[in-house]
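J.: return atomic coordinates for the entry below.
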Amino acid sequence: MSDFPGVSYVMPVLNEADYLDEAVASILAQEYDGDKELVLALGPSTDNTNAVAKRLAEHDPRIILVNNPQGRTPIALNLAIRASSLPIVIRVDAHSELPADYTKRGIETLYRANAYDVGGLMDARGRTSVQRGIAAAYHSKFGFGGPAYHSGAPEGPAESAYLGIFRREVFEEVGYYNEELWRAQDWELCLRIRKAGHTVWFDPDLKVGYYPRDTFASLISQSMASGTWRAEIARRFPEGKSLRHDIPPLLLVGISAGLIASLLEPAIRDQSSKPVLFIMKVLKIVPVLYSVVSLCAGLSSKAVGTKEKLLAACAFPAIHLPWAFGYIKGRFCGAAGTVDKGRVK
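T.: Numbering: from 1, shown residues only. Here you go, the predicted structure:
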């Protein structure tokens, strides 16, 4: 291996006019002595994203633009990878900002761990109070639970990787991103890498600044689409099923039953038996208990100030409940055609 193998950064881009300048700047400013190129796969944006991208490309020959008329993330990634040429492929995101040593550290880890895909920690942050509250929910273990790239874990082998630092040859061996999976395509690619006998590795020192959705409406849309596609993964792959994925749907059922019980109990109290009334009283506790836990988790989160802590508390149901609804829908109906309406105008 060369001490500084060349790096191709690949980025899907859709409706990212407010974030693209900073994301690209953080990539071009990487403290890394190897060759660099950045391929932007431009979807059919409805803002001035493509104009921003063209301006950036005109000022730096390392930036390559490819068209992605369908606007789907896996198609964008495959187009960008095929248009690139250097031996290391690093997936980047228009909502992310790389620390200056990200490339150097990531490639060192790739070879030190004898891995074929390396990912790090999603360091959620915000520009507004709402976005900072949502970012605090991302960091909380109550927010997303299992994935190491949200709340952290010791360094070691992983099921999947956030973004991803790849040896180019892995795509020739196991194939490119599955274009049928509009979301969760990174998990499925990592599954193929692991089945080929290669290692996917998590390095918590690789922290990527990430800007989550900045409104609750867009967060709800994102969460619902994520849950639906996670269910599609569970439908297709035995390895994609996990007991932790069943917790949000059970929670949604419990909260819904509790709210229904609260509405029905006064009307049927005199006609119902004691066991039925007892069950209804127990069900009524579920939404109250969830609200209390969400509030406590928000107040104990990394958010700064009471306002942002309360916003974090509000973000938890905007993450959990739409995800659960999407997961139930996806398990029964599949995810075909499901898009994140918070991004696609």
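J.: any regions of this protein where pLDDT drops low?
T.: Across the chain, the ranges flagged by pLDDT under 70 are 1-2, 145-152, 342-345.
J.: and the strands in it?
T.: Shown for the chain, the strands assigned by DSSP state E span residues 7-13, 36-42, 63-67, 88-91, 96-97, 117-124, 156-157, 165-167, 200-210.
J.: turn those into CSV, columns for mean neighbour count and distance to residue 255.
T.: In short, each C-beta sits where N, CA and C put it, glycine included. Below are these laid out as CSV (neighbours: other Cβ atoms under 10 Å; distance: least, Cβ to Cβ, whole Å):
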stretch, mean neighbour count, distance to residue 255
strand 7-13, 25, 34
strand 36-42, 24, 39
strand 63-67, 17, 44
strand 88-91, 24, 36
strand 96-97, 22, 33
strand 117-124, 24, 25
strand 156-157, 12, 35
strand 165-167, 25, 40
strand 200-210, 21, 28
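J.: so which of those strands gets nearest residue 339?
T.: In terms of Cβ to Cβ, the element of the strands of the chain nearest to residue 339 is strand 7-13, at 13.7 Å.
J.: so what does the closest one touch, helix or strand wise?
T.: helix 20-28, strand 36-42, helix 73-83, strand 88-91 (3 or more Cβ pairs under 8 Å, 6 or more residues apart in numbering; DSSP states H and E).
J.: quick one: distance of stretch 254-265 to the chain centre.
T.: 32 Å (Cα atoms, centre = their mean, to the nearest Å).
J.: count of neighbours near residue 82?
T.: A count of neighbours around residue 82, defined by other Cβ atoms under 10 Å, yields 13.
J.: right, I mislabeled it, should have said residue 265
T.: For residue 265, the neighbour count with other Cβ under 10 Å is 16.
J.: excluding its backbone neighbours, what's nearest it?
T.: Leaving aside its chain neighbours, residue 265 sits nearest to residue 280 (5.0 Å; criterion: Cβ to Cβ, 6 or more residues apart in numbering).
J.: helices or strands up against the biggest helix by length in the chain?
T.: Ranked by residue count under DSSP state H, the longest helix found in the chain is helix 305-333. If you count contacts as 3+ Cβ pairs under 8 Å, 6+ apart, helix 305-333 packs onto helix 129-139, helix 141-144, helix 216-236, helix 243-268, helix 274-299.
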